[in-house]
Structures are given as C-alpha cells and as structure tokens.
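Visitor: Structure, please.
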Amino acid sequence: MKFQNIGNRVLKSILVLVCAFNTLGQDVWTTKTADLHPSSSSSSAVIDDLLYLVGYDSLQVYDPGSDSWTLKSAPPAATCYTSAATIGHKLYLVGGAFNCDDNSTTASIRIYDPAADSWSTGPSMSVNRTATACAAIGGKLYIVGGNGGYPYHAFHQLDIYDPATGQVSAGAPIPQAVSGATGAAINGKFYVAGGASINETYPLNILQIYDPATDSWSSGAPMFSGLYSGAGGVIDGKLHLVGGYTDTMQVNTSLEIYDPIENSWSFGPSPTFARIYGAAGVIDSSLYVADGMDPDGTPDGALLVFGPPPAVTFAFTGFLPPLNGADATGGTFGNPLRTFKMGSTIPVKFALASAAAAITTGSQTLQAVKYSNATTAGAPLDASPQGAATSGDRFQFVEGHWHFNLDTKATGMSVGIWQLRATLSDGSQHIVWIQLK
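Guide: This next block holds a predicted model:
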C-alpha cells in the first residue's frame, strides 16, 4: 500500500460524503458529478478556479460553474503516487512511481501549461521519490519527504524549485522524515501534517512547519490521531484534513481543522464514508475531494465538496386561483390581472418545490404596494391576514399549499391599482397586479 500527498492545498485522500451538520450557514458535504476516468492514485491542483486532476494516465479538469469534467492531454508517463501544486498558471507534478512500480520511482518535475494543453519536463529533484508533500510559496515549489520505494524508508530532504531560474536547491532537512504526509501553504509557511517514517506503518500525529524566511523548522500542535495518505486544503487560513489511515491503521472518518493562529486542532462535520488515494483542492472556500479508492480497493471517481450549503432555488409556477398568474402572467399596471372589492379578503395561494420535493417550511412573506402610475409606487405595506394576525405578513402552509388570506382593510389598502409581492425564503420575489374598487 502506498501514499499520495497534497501540494499547495491539494492531494491525497479519502473521499467523504454528507454529514449530519446540515444547518443553515454550517458547511456541509455535497456530491457533484463524478470524474470521467477514475484512478486510485491521483493528485491535483487548482488553476483559475478549475480543479486539475492528474490520474495514473490521465488529466481531467473540473469546472464548478458547469459541474462538468473535460479530458486534457495526458501526462507524458503513467505515474502513481505523485504530488502537485500550482505556480502562476501552471501545474507542477512531482515524483511518483512509473507504472505504479515501487522499484521505478522518479525525481522528475513535470509541468503542465493549460494555455497550450501541453506538458514539459523541468529539472530533477535531489533524489528519486514518491509520496512527497509539496506546496507553492512565493513562486517557488517546496518538496519534502517521500520514499524511494520498498522498504519505504522516508526521506529528510527538502528540495526547493525556482521556475524563474530553473534551479533546484536544498533547504533545511525536515526534522522527522515522513512519507505520505499532507502538505499545504499558509501565510508564507510550509505545513507538513502527519505521514509515516518507515514501512508505510506507524502513522504520526505530528505537524512540522517550515519557514522559508529563516530556512528553519518548528513544530505545531499534534493532531488528534496519526495520519498518512490524507487529503487537505486551506480554507480561510485554516488547514482542513480528511481521510487516510490513522495510527490504529483504521480509515480516518474525521475532518480535522488546524488553526495556525491558535495553534490548535478541532473537528469539523464527520464524514459518513471514506476512501483513500484521491486528491483535493480549494475553490471559493470549498474543499473539493476527487477520485481515490474505496477501502476494498475499488477506484471511485466520485467528487465531494465541503463548503457552504448550496443555494436552494424554488420552483414557483404562479399564484393559484383566484389570482391565477404571476410575474410575466401576473398582469400590468394598465391591465391588472384581477379586480376585487375594497374591504374584501383575497386568498393568495401558491405551491413550492425544490428537487422534486415540496417546500413545507421557511418564511414566505407578502407585501402590497400601491401605484399611482406604471412607474410611481408608494411605500410597501406588510400584509395583514384576516382574523387574528398570528403569522404577521407570513404565509402559512396549509393542506399542501402556502396560504395568505389578505385582509385589504386591515392592511391599510385603498381603492386603486396594487402590486402584491411575495418574497420567498430562497430570496426570489414574485408579483401580481390587482385593482381594488
């Protein structure tokens, strides 16, 4: 069993699915479109808000805006257990094992240019290795740890690649050699979390921090458990880690979050299932976890996202009779949809759905606005219901529909042309024009 790491906010992993913390404003796990070419040993990087996923013999790009994948030029050689990071607008793919052969590791740095959809080869690292941790800081690529294949003894070497000069230089060796650690950049420092030191066993719970300004290492607060082959990324200045194996050699089912200001770890919403050897990247404060392998060894291309709850858009088909229309079919100032007697009660009703399920909760409100001409409106009035105003200006869900018995007199309405406005809890607003006589 081997590792795969993260670079710049990215890499390795367990995939996770929706957790129980599904309250408004609380980040949640959601599922997006699976990738086109599942691989059990992927790495990734984010370029211009797109997720670039490098599998064993493929490169795919995920666009969150369209929730779709596109195949790009494959890397020059089929390689497992790589790590990756972004510098400028290019992807840097580090090390790995050719054809997943433990005895065929490489020191190469391969470079992908999205503008040309092409690969080139950069300089070599100081040693052939796989399962490194890497991150990009200040336009340079920092690569540490990893192993040279069986028997998987971890390396201390820190290599620093500067694309501007094309040179690889040595940094201070990492105090505890690790393979399969998770790397990330936070505020100009290189964070290396977990990993194992020998034989792919004995995962460590250590956090090692490299400061390029002083070429020195320090220690952060230990994680709750040892971890190797985890995936992670940085959201709002905090390191988020999921997946991998714990120090008890169990698949990790927790989300651990490190706050560098407080130098402390906390748990986020717990995933309900897990996978290893995937990849991760952060886009718009959301962690995208892609590809990987189920604990039973099956590659799985599922894409899961940890971030703010997706916006819910309601399916609104118009007001029900007696209004029987809304928005484009809701009339105009010059041609109100319906006429009612001043002082009467007007039943305002509609149905809502989202993802084929009826919306039965939420706050849907009603206002009335009087117009003196097509463009001149008075102040909106919060609607009052007939009888006891226990719901204020809010609709009530009754017998499968949202109802509001609008009391025109109690609301303060008068003879003239009125626009009724229903504001839904998804933020949308729907109107209908009426006349009071």
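Visitor: any weak-confidence spans in this protein?
Guide: 1-25, 199-201, 272-273, 355-356, 387-391 (pLDDT under 70).
Visitor: Outline the domain layout of it.
Guide: 28-307, 315-436 (automatic domain parsing).
Visitor: What's the end-to-end length of the shortest one?
Guide: What it means is domain 315-436. One end of domain 315-436 sits 29 Å from the other (C-alpha to C-alpha, to the nearest Å).
Visitor: For that domain, what is the distance to the chain centroid?
Guide: Taking C-alpha atoms, centre = their mean, to the nearest Å, one finds the center of domain 315-436 at 37 Å from the center of the full chain.
Visitor: so where do the helices sit in the protein?
Guide: In the chain, the helices defined using DSSP state H lie at 408-411.
Visitor: And the residue nearest the centre of it?
Guide: Centroid-nearest residue in the chain, with C-alpha atoms, centre = their mean: residue 286, separated by 2.8 Å.
Visitor: which ones are touching it?
Guide: Remark: with contacts taken as C-beta atoms under 8 Å, 6 or more residues apart in numbering, residue 286 is in contact with 64, 235, 305, 306, 307, 308. (Glycine included, C-beta is placed from N, CA and C.)
Visitor: beta partners for it?
Guide: residue 283 (DSSP bridges).
Visitor: Repeat that for residue 51.
Guide: Here residue 51, judged by DSSP bridges, has bridge partners residue 46, residue 62.
Visitor: Quick one: residues contacting it.
Guide: Residue 51 touches 44, 61, 62, 64, 281, 283, 288, 290, counting by C-beta under 8 Å, 6+ apart.
Visitor: now it: how far from residue 42?
Guide: Residue 51 sits 11 Å away from residue 42, going by C-beta to C-beta, to the nearest Å.
Visitor: joint contacts of those two?
Guide: Counting by C-beta under 8 Å, 6+ apart, the residues touching both residue 51 and residue 42 are residue 290.
Visitor: Hmm, residue 350 is touching residue 420, no?
Guide: No. The pair residue 350 / residue 420 is not scored as a contact, 11.2 Å apart, by C-beta atoms under 8 Å.
Visitor: So these two - more neighbours on which side?
Guide: More neighbours surround residue 420 than the other of residue 350 and residue 420, with 25 against 21 (other C-beta atoms under 10 Å).
Visitor: Skipping its backbone neighbours, what lies nearest that one in space?
Guide: residue 432 (5.1 Å; C-beta to C-beta, 6 or more residues apart in numbering).
Visitor: what does residue 56 give?
Guide: Leaving out its chain neighbours, the residue that sits closest to residue 56 by C-beta to C-beta, 6+ apart is residue 39, at 4.7 Å.
Visitor: hang on, the one you found packs against residue 299?
Guide: Yes. Using C-beta under 8 Å, residue 39 makes contact with residue 299 at a distance of 6.0 Å.
Visitor: what about residue 65, how many neighbours?
Guide: By other C-beta under 10 Å, neighbour count at residue 65 equals 8.
Visitor: before we move on, back to that, what about the residue nearest to the centre of the chain, distance to residue 152?
Guide: 33 Å.
Visitor: so who does the closest residue to residue 91 other than its chain neighbours touch?
Guide: Excluding its sequence neighbours, the residue lying closest to residue 91 (C-beta to C-beta, 6+ apart) is residue 112, at 4.2 Å. Residues near residue 112 by C-beta under 8 Å, 6+ apart: 52, 54, 59, 72, 73, 75, 90, 91, 93, 118, 119.
Visitor: ranges for the strands of the stretch 151-300 of the chain?
Guide: 158-162, 167-171, 182-186, 189-193, 207-211, 216-220, 227-228, 231-235, 238-242, 245-246, 255-259, 264-267, 279-283, 286-290 (DSSP state E, counting those that start in this stretch).
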